[in-house]
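A.B. asks: here's a sequence, model it:
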Amino acid sequence: MHAVIKTGGKQYTVNPGDIIDVELLAGEPGDAIEFNEVLMVANDSGEVKVGSPVVENAVVKATIVKEIKGKKIIVFKFRRRKDYRNKNGHRQRYTTVKITDILN
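C.D. replies: Below you'll find the predicted structure:
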C-alpha cells in the first residue's frame with residue numbers, strides 16, 4: 001500500500017516503513033504524528049483512490065525520528081555600480097519521520 005501526502009508545500013510518495021525528510025514539524029523525537037492531507041491512496045490489489053483535492057478519511061501515521069539541518073546555501077545579492085552587496089547564509093531545518101501506517 002502506498003500514498004501521496006502533502007506537507008510543507010511539497011508532495012511525497014510514501015509506503016509503510018519509509019523514512020523521509022520533511023519541512024520542520026513541531027514535536028519531539030518519538031512523538032506520533034498524522035498527515036491528514038492525503039492526495040492519493042493505492043492498495044496492494046491495485047485499487048486507487050484519488051482525492052479532489054484530498055481523500056476523505058484517509059490518514060498517514062508516522063513517528064518523528066530526529067531533526068536535522070540541511071546543507072548550507074549562500075544567498076548573495078548584488079547591484080552593479082550601486083555599491084550594494086549583501087551576503088547571507090541559510091540552513092534549512094528538516095524533520096526525519098518514519099511512516100508507520102496508512103489508513104484508508
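
A.B. asks: pLDDT weak spots in this protein?
C.D. replies: The chain contains no residues with pLDDT under 70.

A.B. asks: strands of this protein, residue ranges please.
C.D. replies: 2-7, 10-14, 19-23, 32-35, 38-42, 48-50, 59-69, 73-79, 84-90, 93-103 (DSSP state E).

A.B. asks: now do the residue of the chain most remote from its centre against Lys87, distance only.
C.D. replies: Most distant residue from the mean C-alpha position of the chain: Arg81, 41.7 Å away (CA atoms, centre = their mean). Applying CB to CB, to the nearest Å, the value for Arg81 to Lys87 is 18 Å. Glycine gets a C-beta too; all of them are placed from N, C-alpha and C.

A.B. asks: ok, now Glu67?
C.D. replies: In terms of CB to CB, Glu67 sits 26 Å off from Lys87.

A.B. asks: the more surrounded of these two?
C.D. replies: Each of Glu67 and Lys87 has its neighbours counted (other CB atoms under 10 Å); Glu67 has more, 15 against 9.
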